[in-house]
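Peer 1: I would like the atomic coordinates for the input below:
(one chain, ligands or ions: 2)
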Amino acid sequence: MSVTAPALPSLLSDRSQAVVAATAAVVAAHADAITARFYPRMFADRPELLGVFNLANQATGEQPKALAASVVAYAVQLIDPAAPSFEHVLRRIAYKHVSLGIRPEQYTIVGQHLLAAVGEVLGDAVTAEVAAAWDEVYWLFATQLIALEARLYAASSVDPAQPLRPYRVVRRIEETADVISLVLEPDDGGERPAIAPGQYVSVFVDLPDHRRQPRQYTVSSTAVGTRLQITVRRVRGVGGAPDGQVSSFLHDQVEVGDVLQLSAPAGDFVVDPTDGPLLLASAGAGITTVLPIVEHIARTQPQRSVIVAHADRTAQDHALRETVLHVGRQLDDFTAYTWYETVDPADTRARSGYMDLTEVPLPANVQVFTCGPLPFMRHVRASLMARGVPASNIRYEVFGPDLWAAQATA
Ligand SMILES: Cc1cc2nc3c(=O)[nH]c(=O)nc-3n(C[C@H](O)[C@H](O)[C@H](O)COP(=O)(O)OP(=O)(O)OC[C@H]3O[C@@H](n4cnc5c(N)ncnc54)[C@H](O)[C@@H]3O)c2cc1C
Ligand code: HEM
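Peer 2: Ligands and ions are numbered 1, 2, ... in the order given. Below you'll find the model as predicted:
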């Protein structure tokens, strides 16, 4: 799906520019306090939204941080013509929103509570002029997102009022002790949608405590044309934190024959149809983005050169390993590197320790796709940039609210 963000609208009004420039730092400094007021206010007013927001991201504070960082970064790039492009942040948010069925009218609700929270936290500093300037920022941002989301809904023929489709579990595969794959088929008589390799779906489940919760899962395989597969790592709570709700539910409760509610595929962590060489660098559950890309290249461009590099705790934790290698063998030029924190001495194919890309010969103009925990991806990016790979050749996917994109832009 090739939908690009609309060009930035004309900048803020002159009057608002000066006010935003003068107040951006104070808003940024109070961003956590503002979002700490915003979400409870909004959920009290609209409890139905509790079933759309990821409540663990609320508990850990990651989503409020991502929202605050994006609004401040948006304001900064409005007043600074030299600021880096904001397009990738817009696209990331818009895709996430459409996978959750966010609708234009909901922007009024969010705007009302967000701007009220700004007023509550900053008090008298919010004069009528300051309020008007930030209202303008919010609505410029909202207008761009609404426009982009409308185009994404249209491109995938999704009615935002009914963004989900039922899928039946036709197969359940125990990949490792902590990872399962669920193979799913549309259960409404319709066809499986087009899926670009690397895209995800939002899966909505009704938890045993009757709460409805969505989570995103990469479509890890489309090998069978009528089906899609997701691959789910069980998340265990550490240091007293609770076990992951949806991954535990999918592992413990979902069997062949059950029906899950899925969004249309979303996300732009997608390989371009050029013939440039690819490096797919993953760790842990990030392997779910590697298999669909290798499958796609095997189907459409088997002459394209692909290097896969994966890091995991042990071989027993390395999901989809044999499948990736099997599909990779269908390519003309495929190389696989593996690192395990603990290696079985009999495993001659794996290296010991953390991923070290200095050992990997890099073809000219390599395009990099990386997915794994944030520190891992920072390490991958830094070591590749040190070897001359331009930042624009490195794409990444965060399995949570993206706290990186807006920070990198700001
Ligand atoms: C684009 C995208 C693609 C993804 N693809 C995949 C994929 O292919 N495979 C996959 O396995 N995952 C994938 N994920 C991650 C997935 O969406 C879920 O985040 C993951 O399964 C965990 O969900 P959960 O409900 O099990 O855990 P949650 O209940 O969401 O918990 C998440 C974490 O928060 C902690 N937590 C929860 N509540 C609290 C609290 N009160 N205090 C402190 N800590 C708390 C939990 O201990 C846990 O560590 C993807 C995410 C994104 C955004
Ligand atoms: C200008 C307005 C808005 C901005 C700037 C904004 C920003 C964001 C950002 C930065 C994210 C995180 C994206 C990521 O995963 O990296 C996000 C996710 C989300 N947004 Fe928005 N948003 C806006 C409006 C809305 C509206 C109107 C709704 C509807 C209620 C909404 C609901 C959500 C939900 C449910 C998520 C996913 C949360 C999660 O998974 O934790 N947003 N938004």
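
Peer 1: helix, strand or coil: sort out Arg15 for me.
Peer 2: helix (DSSP: H, G, I helix; E, B strand; the rest coil).

Peer 1: tell me the contacts of it?
Peer 2: Applying CB atoms under 8 Å, 6 or more residues apart in numbering to Arg15 gives the contacts 129, 133. Glycine gets a C-beta too; all of them are placed from N, C-alpha and C.

Peer 1: try 10 Å this time
Peer 2: By CB atoms under 10 Å, 6 or more residues apart in numbering, Arg15 lies in contact with 129, 132-133, 136.

Peer 1: which of those fall in strands?
Peer 2: The strands, defined by DSSP state E, take in nothing from the contacts of Arg15.

Peer 1: if any of those residues are buried, give me the ChimeraX selection for them.
Peer 2: A single ChimeraX command selects the buried members of these (16 or more other CB atoms under 10 Å):
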select :133,136
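
Peer 1: so which of the contacts of Arg15 belong to helices?
Peer 2: 129, 132-133, 136 (DSSP state H).

Peer 1: and the strands in the stretch 51-200 of the chain?
Peer 2: 164-176, 179-186, 200-206 (DSSP state E, counting those that start in this stretch).

Peer 1: residue in the chain nearest to ligand 1?
Peer 2: Gly244 (2.2 Å; CB to the nearest ligand atom).

Peer 1: which residues does the residue in the stretch 301-410 of the chain positioned nearest to ligand 2 contact?
Peer 2: Closest contact between the stretch 301-410 of the chain and ligand 2, by CB to the nearest ligand atom, is at Asp402 (3.3 Å). Residues in contact with Asp402, defined by CB under 10 Å, 6+ apart, are 62, 66, 69-70, 88-89, 92-93, 96, 374, 396, 408.

Peer 1: now do it against Gly267, distance only.
Peer 2: 11 Å (CB to CB, to the nearest Å).

Peer 1: need the overlap of contacts for the two.
Peer 2: What both Asp402 and Gly267 touch, as defined by CB under 10 Å, 6+ apart, is the set 92, 96.

Peer 1: now stretch 394-407: average pLDDT?
Peer 2: On average, the pLDDT along stretch 394-407 is 81.

Peer 1: show me where the stretch 301-410 of the chain has its strands.
Peer 2: 306-312, 334-340, 351-352, 367-371, 394-397.

Peer 1: mind putting those into a markdown table with distance to Leu228 and mean neighbour count?
Peer 2: Output for the strands of the stretch 301-410 of the chain, formatted as a markdown table (distance: least, CB to CB, whole Å; neighbours: other CB atoms under 10 Å):
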| stretch | distance to Leu228 | mean neighbour count |
| --- | --- | --- |
| strand 306-312 | 21 | 24 |
| strand 334-340 | 24 | 19 |
| strand 351-352 | 32 | 14 |
| strand 367-371 | 18 | 24 |
| strand 394-397 | 17 | 20 |
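
Peer 1: got a markdown table for those, with distance to Asn57 too?
Peer 2: Listed next are the strands of the stretch 301-410 of the chain as a markdown table, based on distance: least, CB to CB, whole Å:
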| stretch | distance to Asn57 |
| --- | --- |
| strand 306-312 | 25 |
| strand 334-340 | 29 |
| strand 351-352 | 34 |
| strand 367-371 | 18 |
| strand 394-397 | 16 |
